[in-house]
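1. Okay, predicted coordinates and the sequence, questions at the end:
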Amino acid sequence: MLVLLVHPRLRPGSKAAAEDPLSQVPALARTVYCLVDHHGLIRSITGNARRVLGEACDRAAELGLNMRELLQPDERIALENWLGTAWLPELPGPLLLATRGPDAGTRWLELNTPGRVGRGEQETLLVEIREVTERTAQSRELRTLAAALEGSADAIYLLDEKGRVEYVNGAFVRITGYTPDEVVGRAASLLASGRHRADFDARMWETLRGGDPFAAEVQNRHADGSLYTVDLVITPVVSEDGMRYVAVARDITARKELEREVEDLAYYDALTGLANHRLLRERSGQVLALARRHGSMAAMMHIDMHRLRTLNAQHGRGVGDEVLRLIADRLRQSLRESDTLARVGSDEFLVLLSEVADDDAVARVVRRLHLSISQPYAVQGQSIALASHIGLALFPRDADTFDGLLECAETAVRRAAQTALSFEFYERDLSIAAHDRMSLEDDMQWAWENGQFVLHYQPIIGADGQIVGAEALARGRVVGVEALARWPHLERGMLGPNEFIPLAEKSGRILSLDRWAIATAAKQAAVWAQQGWDGWISINLSGRTLQDPELPGYMTRMLSEHDLGRGRIAIEISEATAMRDPLATARVLDTLRDLGVLIAIDNFGVGHASLAYLKLFPVDLLKLDGGTVRGIDRGGREQQLIEIMISLAHRIGAKVVAEGVEADSQMEWLKAAGCDYIQGHLIGWPAPAHTAPPTAGGGAV
């Protein structure tokens, strides 16, 4: 550096150097050189000083200016200290000095000393003065920006065009738990919690690559696995190296928790965590609107618990509070997620049921709730029993608004308390019918547990030949029997299937009842086979049993256990049952038929899909509905339809059973029309196996 600044002719002691040591030194554009003596006086200065430093600065040596007067620094002491150290054996480093510029603004100068010139009293210090105002301003801006980034409470990170992290600030480390070494160079998706929609990333990058900022409230996962929530803003920035993305994430986890706490106070019961009256009212708007749109029902329940006030007085509020929490838990477990449960008083609860099928379905929910909350509560070593009453109102039957339903439910719960019933519908007739069904369901439970159900068998005879009626039974022309369940009720007498099968289906007992019928009929078929009868026993199966994937396996076990050959057991299904899911039904029927089970379609001719049976299902027997058979007496069109159905059945290899035959005239006409088998009161009534077993003879389908 010194070689460039000191001309070769300016050797110490030369005449030119004595007159003006820097007069021969070329002046660089923005750099001034000067020689300064031990007293800080300017001995020589380059000619560009006027342009760089200001008016008359190029005459500093002539005017006898010192460094302080030349530069007019804001910090004089700093300049004097630097000059003082410049005469020490080791030259000082650069000095950055703020000075007043020609425009009275701040000007930054950088002072360096490449070395000293001359010896003894003539020795001077070579000073290089460089204006660095623009560079210093940029540096200060960068330092300010860096300080701002590091001092920000928000996580700030820079992503490259592929979404990889290039820079993170200190707040990023604090908020995410990841150090710079752990994230720089990796995709920012490592922060994802996996709790956002599958298309979240795609939507974000589509926005950013379109040149628009992306903003969202995002739930991320901390390095320790915990979740936190941020307000995230990502801005695309075009740089010399390509597209970059600046992300700013503000941690709002505490705010969200506070919002949830405030919401809990406004919408939830503090003791049980259940919804309060306000939230129930708000949700009712959605529930009732949905019910109106779908034409379905909704229901309001008012549950009144008794003895809670007495319990608090006897055992203290702590015990009462714990019981309330247990009641809330039991109610929650007995309801669907779509239902709303609320605590609205010290001992009162409301339940809003959404989209219920009918009043019977509501009654079953009420029964389940009542049984649950009526069980004793174990609290602090004590067993506590409470009574409850429930009032019900139905939408839209009783009322079509929230307030209307609430008023009807309150009326019903008061009546339940007065009548000492567990629950009451607002409409009295519904209450009577519901309690009757519940009572019958209780009786069914007892009857089932005590083996009270029995099968009666109604004979089916062949329609060929001249033997009819009782004479056919006596001579052994019984080809099959239909097994019909009976319930000898202790108070109501003998109940037929129509009186309890619907209840069994709604209560979920139908699958067990059908399996019992299969097992009982198979056992009876084996007994009659030993007596020489080779006919079949047909069993009516519900749609629920037909959908049971274990049905083929169960049927296989029963046939094997009782050593029954092909054609000894038949199953009857109604047209309505079969057509709920025709393809699935066809698969099940094919499997059963492969086992040797006969397939009978019951009530043929009643529905609209009778001909579809002939195409979809493996059919052995078509059973003409009793109402269709009675049409024989009307003649004309009814008779023609029956003839067509018999003809169709025969064309696909099936045989026809006429049900409900009650007159000899019907029997004679059916025989003439080619009907294969006859069943009805003319032939025989359903009877227990031990009183009217089939006689020897019979025939296979």
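-> Thanks, I have it.
2. Can you verify G631 is assigned to a helix?
-> Yes. Under DSSP: H, G, I helix; E, B strand; the rest coil, G631 falls within a helix.
3. Give me the distance between it and A409.
-> Per Cβ to Cβ, to the nearest Å, G631 is found 49 Å from A409. C-betas here are computed from N, CA, C, even on glycine.
4. Looking at the two, which one has more neighbours?
-> Neighbour tally, G631 and A409, criterion other Cβ atoms under 10 Å: the higher count belongs to A409, 28 against 19.
5. Just the buried residues of the helix or strand the more buried one falls within, please?
-> Under the criterion of DSSP states H and E, A409 resides in helix 402-419. Residues 402, 405-413, 415-417 are the ones in helix 402-419 that count as buried (16 or more other Cβ atoms under 10 Å).
6. Could you do stretch 205-219 as well?
-> For stretch 205-219, burial by neighbour count (16+ other Cβ under 10 Å) applies to 207-208, 214, 218.
7. same question, stretch 615-623
-> Neighbour-count burial for stretch 615-623 [16+ other Cβ under 10 Å]: 616-623.
8. okay, and for the stretch 301-450 of the chain, where does confidence drop off?
-> For the stretch 301-450 of the chain, the stretches with pLDDT under 70 are 431, 434.
9. And the strands in it?
-> 340-343, 348-356, 377-379, 382-384, 388-395, 423-425 (DSSP state E, counting those that start in this stretch).
10. Please name the bridge partners of the spatially closest residue to E322 that is not a sequence neighbour.
-> Excluding the flanking residues, the one nearest E322 by Cβ to Cβ, 6 or more residues apart in numbering is V379, at 4.9 Å. On the basis of DSSP bridges, V379 is bridged to Q382.
11. ok, now how distant is V379 from G47?
-> In terms of Cβ to Cβ, V379 sits 101 Å off from G47.
12. One more: A155?
-> 55 Å.
13. Compare the two (neighbour count), which wins?
-> Shown here are A155 and G47; by other Cβ under 10 Å, A155 has more neighbours (23 against 14).
14. List the residues that contact the more buried one.
-> A155 makes contact with 168-169, 171-172, 174-176, 230, 247-251, according to Cβ atoms under 8 Å, 6 or more residues apart in numbering.
15. Check these for burial and list the buried ones.
-> Judged by 16+ other Cβ under 10 Å, buried ones among the contacts of A155: 168-169, 171-172, 175-176, 230, 247-251.
16. My read is that P497 contacts N540, right?
-> Yes. Taking Cβ atoms under 8 Å as the definition, P497 is a contact partner of N540 at 7.4 Å.
17. residue boundaries of the strands in the stretch 451-600 of the chain?
-> Taking DSSP E, counting those that start in this stretch to define them, one finds strands in the stretch 451-600 of the chain at 454-462, 478-489, 493-495, 536-540, 569-574, 598-604.
18. Any chance of the ones you listed in JSON lines with mean neighbour count and mean pLDDT as columns?
-> JSON lines is the format used below for the strands of the stretch 451-600 of the chain (neighbours: other Cβ atoms under 10 Å; pLDDT from 0 to 100):
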{"stretch": "strand 454-462", "mean neighbour count": "23", "mean pLDDT": "92"}
{"stretch": "strand 478-489", "mean neighbour count": "22", "mean pLDDT": "91"}
{"stretch": "strand 493-495", "mean neighbour count": "13", "mean pLDDT": "86"}
{"stretch": "strand 536-540", "mean neighbour count": "25", "mean pLDDT": "94"}
{"stretch": "strand 569-574", "mean neighbour count": "23", "mean pLDDT": "90"}
{"stretch": "strand 598-604", "mean neighbour count": "24", "mean pLDDT": "87"}
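19. now these in CSV, with distance to R30?
-> As requested, those are exported to CSV (distance: least, Cβ to Cβ, whole Å):
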stretch, distance to R30
strand 454-462, 115
strand 478-489, 111
strand 493-495, 113
strand 536-540, 108
strand 569-574, 103
strand 598-604, 106
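20. Of the buried residues of stretch 205-219, which belong to strands?
-> Per DSSP state E, strands hold the following members of the buried residues of stretch 205-219: 214, 218.
21. and the residue lying closest to G242 once chain neighbours are set aside, how many neighbours?
-> Nearest non-adjacent residue to G242, counting by Cβ to Cβ, 6+ apart: E161, 5.3 Å away. Look at E161: counted by other Cβ under 10 Å, it has 14 neighbours.
22. cool, and A357?
-> 11.
23. just V365 next, same as before
-> Using other Cβ under 10 Å, V365 is surrounded by 20 other residues.
24. how close does the residue lying closest to P552 once chain neighbours are set aside sit to L546?
-> In this structure, P552 finds its nearest non-sequential neighbour in T591, 4.8 Å apart by Cβ to Cβ, 6+ apart. Distance, T591 to L546, by Cβ to Cβ: 11 Å.
25. Pick out whichever of those two has more residues nearby.
-> L546 (20 against 16).
26. right, and the more buried one touches V588 too?
-> Yes. Counting by Cβ under 8 Å, L546 touches V588, with 5.9 Å between them.
27. where do the helices sit along the stretch 501-650 of the chain?
-> Using DSSP state H, counting those that start in this stretch, the helices of the stretch 501-650 of the chain run over residues 510-530, 543-546, 551-561, 575-578, 582-594, 610-616, 626-630, 637-651.
28. Any chance of TSV for those, columns distance to R486?
-> Listed next are the helices of the stretch 501-650 of the chain as TSV, based on distance: least, Cβ to Cβ, whole Å:
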stretch	distance to R486
helix 510-530	11
helix 543-546	19
helix 551-561	21
helix 575-578	21
helix 582-594	25
helix 610-616	28
helix 626-630	19
helix 637-651	30
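29. In TSV: these, plus mean pLDDT and distance to A291.
-> Formatted as TSV, the helices of the stretch 501-650 of the chain follow (pLDDT from 0 to 100; distance: least, Cβ to Cβ, whole Å):
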stretch	mean pLDDT	distance to A291
helix 510-530	93	28
helix 543-546	87	26
helix 551-561	94	36
helix 575-578	72	26
helix 582-594	89	30
helix 610-616	64	34
helix 626-630	85	36
helix 637-651	87	42
